[in-house]
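Q: My questions concern the predicted model and sequence given below.
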Number of protein chains: 2
Amino acid sequence: MTSLTEQARALNPAAVHAAHKLIQPYIHRTPLLTCKTLDTIASTPQTPEALTGTPFEGRTPACPRFRFFFKCENFQRIGAFKARGAFHALLRLIEERGEDEVRQRGVITHSSGNHAQALALAASTLDIPAYIVMPKISTPSKIAGTRSHGAEVIFSGSTSVEREAVVAEIQAKTNAILVPPYDHFNIICGQGTTALELEAQHAEQTGSGTLNAIITPVGGGGLNAGVATYFSDKPQTKVFGAEPSFEGADDCRRGLLSGKRIEAVSTLTIGDGLRTPVGLLNWEVISNKEKVAGVFAVTEEQIKATMRLVLERMKVFVEPSAVVGLAVCLFDEDFRRIVDKEGGAPGWDVAVVFSGGNTTVEAIAKLFG
Amino acid sequence: MTSLTEQARALNPAAVHAAHKLIQPYIHRTPLLTCKTLDTIASTPQTPEALTGTPFEGRTPACPRFRFFFKCENFQRIGAFKARGAFHALLRLIEERGEDEVRQRGVITHSSGNHAQALALAASTLDIPAYIVMPKISTPSKIAGTRSHGAEVIFSGSTSVEREAVVAEIQAKTNAILVPPYDHFNIICGQGTTALELEAQHAEQTGSGTLNAIITPVGGGGLNAGVATYFSDKPQTKVFGAEPSFEGADDCRRGLLSGKRIEAVSTLTIGDGLRTPVGLLNWEVISNKEKVAGVFAVTEEQIKATMRLVLERMKVFVEPSAVVGLAVCLFDEDFRRIVDKEGGAPGWDVAVVFSGGNTTVEAIAKLFG
């Protein structure tokens, strides 16, 4: 494709609408849920004691009022929003190169997570051979999940160098087309369809009330960039991002502070979908202040506390990565102050994207046992 | 009220319709969800090896076809269907005795579980004082939950003799009216509204297709008796019950076999909402073969395996008691043979009631850690 700048310029709401039209038959319109208990908890000021030992110590706690709308992509096919981007990328490949070429060459990616399963599902649905390079140490359930969609799993070492070497080897043999997990125009447009749907659902549920903000997790940045693309001509809806802070997983937030994208991250945050640095094209979107109003970071303990609330109070099963946006709403005093100041007494309608639900009871046991 | 036989006769669909009309403003119309993954798993025959060591060893596995419709009462207010019965009982009390008398005397119950929170919520909503007798050893979160709805919590010992003594003591002081958790006409009618709603939702979703069966957990039997009452004039929809078998928790199933209600149970099954024996009035309904077609029991391991599927695959957070009906569908060859034979090639539309979702991440950790 064309240069990054040109691609970034082409990322506009019309591109997301077009993506939605294409993928709609293949994806779920996931529910947009509300939860009064979480509204109440988030709309209660934190105690000064709760701020002790945080960067907000000593500050007067903000009094924001939240009305949440949870976009439950954990109920999406394969249990995560990634199905949107994968279907979109493959449908565009077929458009651009023709069915015969794509089916003959197949597609390839390296991923140990939700993108692997998403690409495997999209490929099997569209009758395209898929090669998924996964680290040998991937959890057996993820390997089994990827295989269950008919993809061929090839094992590699864990580093990106090792993974890419295996990808190159398979490509040399098969000529398979690489479908990257997030740093790609069509993936971004596909993930952006989350925003298009939730905007319509919010309007249905509120009688066309104003959606004031939306917050999504930021890993590679495909979801956040897609959502920001969709809302880029609607300044009344502010887009925010959320990251774990553990071991520098907040590369996007830190990059925005320094004005320069951070290229490498090495973190074992429990938000395992958010361990990658933001992609190049995604950075073009997210670092545009007109498109993304801010990115915030939360601690591992805050992620765990939020996960507990979503599981126990909302009764919805999510993976740790999914709740970082809600954790920002609950715990980040900078963000809460924005909602307090800008939302005032009526408060804000805030859409929170739960990005996925692919975890296991053993993982929950490890977190809370 | 009148004799058991007369009360049982008065338990008819019209009584459930009347209950629904009364409680509708106070309860959630919980969603009726489908899940193709669970349909596929349940519609795959068990392997002969999987039957080794079970009562079905050596039998040719059945080939039933299930289309599930999950009535998610874990999303009900206070996280369980019990809100229906509690609101109905209190609204009827007010009708019968007048607001003034009920508000002056208050209501009382003993429960360490979902009924406690349900009665506390209904009472606070209707401005009635509530006294809840809970065993001292109740989990702190349940005590806090009950108090958070404004009820006065009074502690007692754990045996039913100790609990009842404390109830009598409080009643002597306050003249509070006892609202039993399940063995009561108005409670049964309230719980039966679950059936009324799900029947309508099934018709909406399938274009008025036939609902062939519905299966619910059986503890005290209020939910199952209520559902059976509602469907009692619709022979095309068969009602089934499900219990844990651990330490004799399957009192209802065993009672039906022997033709006599079992009066006492002492079990620590993980299905902690199902540790009580079936109530007297509930037994009148459930032991009527015209109303309930059968009750089946599942092991602790089967409950755990089912819970894992519901959490990990369906992404819905449920308590162990909630999944015993689905566990019967997945594992009981007697039940699966019925669906196979009677459903034939087209299979059955089966509604499964998920009764509640009040568990904790620590409890999950204990089960799966």
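A: Structure's in. What do you need? Numbers count the residues shown, from 1 in each chain, chains lettered A, B, ... in the order given.
Q: so where do the strands sit in chain A?
A: Secondary structure of chain A (DSSP state E): strands at A:32-33, A:66-72, A:107-110, A:130-135, A:152-156, A:177-178, A:213-217, A:238-244, A:294-298, A:348-354.
Q: Identify the residue nearest A:Phe354 in space, chain neighbours excluded?
A: A:Ala322 (4.4 Å; Cβ to Cβ, 6 or more residues apart in numbering or on different chains). Every C-beta, even on glycine, is put in place using the N, C-alpha and C of the backbone.
Q: Could you verify my assumption that that neighbour touches A:Thr216?
A: No: with contact defined as Cβ atoms under 8 Å, A:Ala322 does not reach A:Thr216; the gap is 9.8 Å.
Q: Compare those two (neighbour count), which wins?
A: Comparing A:Ala322 with A:Thr216 by neighbour count (other Cβ atoms under 10 Å in any protein chain shown), the higher total belongs to A:Ala322, at 35 against 32.
Q: how about that one, what does it touch?
A: Listed by Cβ atoms under 8 Å, 6 or more residues apart in numbering or on different chains, the contact set of A:Ala322 reads A:73-74, A:217, A:310, A:354-357.
Q: Kindly recompute the last result at 10 Å.
A: Shown in contact with A:Ala322 (Cβ atoms under 10 Å, 6 or more residues apart in numbering or on different chains): A:70, A:72-74, A:79-81, A:216-217, A:271, A:273-274, A:303, A:306-307, A:310, A:316, A:352-359, B:315.
Q: do the same with A:Phe87
A: Residues in contact with A:Phe87 (Cβ under 10 Å, 6+ apart) are A:19, A:22-27, A:77, A:118-119, A:121-123, A:125-126, A:186, A:190, A:193.
Q: what about 8 Å?
A: Counting by Cβ under 8 Å, 6+ apart, A:Phe87 touches A:22-23, A:26-27, A:118, A:122, A:125-126, A:190.
Q: Going by distance to A:Gln104, which of these wins?
A: Checking the contacts of A:Phe87 against A:Gln104 with Cβ to Cβ, the nearest one is A:Leu126 at 13.4 Å.
Q: In this structure that closest one contacts A:Leu93, no?
A: No: with contact defined as Cβ under 8 Å, A:Leu126 does not reach A:Leu93; the gap is 9.1 Å.
Q: what comes up buried for stretch A:235-248?
A: A:237-246, A:248 (16 or more other Cβ atoms under 10 Å in any protein chain shown).
Q: wait, A:Asp250 sits on A:Gly241?
A: No: applying Cβ under 8 Å as the test, A:Asp250 and A:Gly241 come out as separate, 9.7 Å apart.
Q: Spell out which residues are contacts of both of the two.
A: Common neighbours of A:Asp250 and A:Gly241 (criterion: Cβ under 8 Å, 6+ apart): A:Val295.
Q: quick revisit: mind listing the shared neighbours of A:Ala322 and A:Thr216?
A: Common neighbours of A:Ala322 and A:Thr216 (Cβ under 8 Å, 6+ apart) are A:Ser355.
Q: Out of the contacts of A:Ala322, which sit inside helices?
A: Counting by DSSP state H, the part of the contacts of A:Ala322 found in helices is A:303, A:306-307.
Q: so which of these comes closest to chain B?
A: Within the ones in helices among the contacts of A:Ala322, proximity to chain B (Cβ to the nearest Cβ) peaks at A:Met307, which comes in at 7.6 Å.
Q: Surely the closest one and A:Val323 touch.
A: Yes: between A:Met307 and A:Val323 there is a contact at 5.2 Å, judged by Cβ under 8 Å.
Q: Leaving out chain neighbours, which residue sits closest to A:Gly58?
A: Nearest residue to A:Gly58 in three dimensions, chain neighbours excluded: A:Leu51, at 7.3 Å (Cβ to Cβ, 6+ apart).
Q: quick one, helices of the stretch 101-250 of chain A?
A: For the stretch 101-250 of chain A, applying DSSP state H, counting those that start in this stretch gives helices covering A:114-125, A:140-148, A:160-174, A:185-206, A:222-230.
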